[in-house]
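In: Quick one, what's the 3D model for this:
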Amino acid sequence: MKVDLSRLLDKNVYKIDVCNELDTKELKIGTRTLKITKPINVQGNVYKTDEGYYTKFNIICEYKENCNRCLKEFTNKVETILSGRLIEKSQDIENQDYDETLIYFEGDNVYLEEPVITSVLLALPMKELCSEKCKGLCVACGVNLNTEKCICEVDDIDPRLAKLKELLD
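Out: Below is the predicted model:
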């Protein structure tokens with residue numbers, strides 16, 4: 001996903017609007033794989049201020065993944081913002097302290113694929129659940145407790161407290 005900055009760098013305009021889509025089939029983060037159902041929507045702008053060049057993009061990503069409790073595949077959507085300062089790739093920034101995200105451009109172009117994917121991955125929930133009320137699978141028989149009731153008696157007692165249970169019996 002490339003954005004042409006030539007008009008902004010030549011000072012012909014002070015803002016470039018971007019409405020683009022990043023078409024990718026899946027994203028991987030560790031052992032987790034997301035199947036992207038629609039192209040990642042990226043809308044926002046690149047603009048110039050007295051301090052330099054900046055970006056602000058709204059990103060929407062819809063994906064399919066398996067629930068961590070019941071293992072059922074479901075669709076989810078994550079919305080995030082990518083904002084940061086544009087820095088020329090050849091510029092020496094070692095001695096400068098920036099508080100914002102740095103996005104590098106080369107020549108007249110900035111490539112946004114990597115920063116967009118990074119923003120999506122950082123916005124993902126730590127644990128994927130199909131719903132907040134998901135009951136998961138029975139630890140004994142493996143039945144999905146959201147759709148069926150199981151008749152298993154699971155006597156799951158912490159071994160450290162087993163002696164206390166003997167007192168109640």
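In: so which strand or helix has Y47?
Out: strand 40-48 (DSSP states H and E).
In: Now the next helix or strand after that strand: average pLDDT?
Out: Proceeding N to C from strand 40-48, the next assigned helix or strand is strand 53-66, under DSSP H and E. The average pLDDT for strand 53-66 rounds to 92.
In: same check, this time on stretch 131-146
Out: 88.
In: ends of it, how far apart?
Out: Terminal residues of stretch 131-146 lie 10 Å apart, using C-alpha to C-alpha, to the nearest Å.
In: Counting neighbours, which bits of that stretch end up buried?
Out: C134, L137, C138, N144, N146 (16 or more other C-beta atoms under 10 Å). For every residue, glycine as well, the C-beta is placed using N, CA and C.
In: Skipping adjacent residues, who's closest to the last one in space?
Out: The one in question is N146. Excluding its sequence neighbours, the residue lying closest to N146 (C-beta to C-beta, 6 or more residues apart in numbering) is K135, at 5.4 Å.
In: Equivalent analysis for the first one, please.
Out: Taking C-beta to C-beta, 6+ apart, and ignoring the residues beside it in sequence, C134 has R69 as its nearest neighbour in space, at 4.7 Å.
In: which ones are touching that neighbour?
Out: By C-beta atoms under 8 Å, 6 or more residues apart in numbering, the contact list for R69 reads L129, C130, C134, K135, G136, L137.
In: May I have the secondary structure class of I103?
Out: Under DSSP: H, G, I helix; E, B strand; the rest coil, I103 falls in the strand class.
In: List phi and psi for L9.
Out: phi -70, psi -30 (degrees, to the nearest 10).
In: Could you tell me the angle between the strand holding Y47 and strand 53-66?
Out: 170 degrees (axes from the mean of the first three to the mean of the last three C-alpha atoms, to 10 degrees).
In: buried ones in strand 40-48?
Out: So, applying 16+ other C-beta under 10 Å, buried residues of strand 40-48: I40, N41, V42, G44, V46, Y47, K48.
In: Could you tell me which other helices and strands the helix or strand hosting K165 packs against?
Out: Using DSSP H and E, K165 falls within helix 162-168. Using 3 or more C-beta pairs under 8 Å, 6 or more residues apart in numbering; DSSP states H and E as the contact test, no helix or strand touches helix 162-168.
In: the inter-axis angle of the host helix or strand of V116 versus strand 53-66?
Out: V116 is part of helix 113-123 when elements are defined by DSSP H and E. Counting by the same axes, to 10 degrees, helix 113-123 lies at 60 degrees to strand 53-66.
In: what residues does helix 113-123 touch?
Out: 1, 22, 24, 27, 29, 40, 42, 57, 59, 61, 78-82, 84, 101, 103.
In: All set, thanks.
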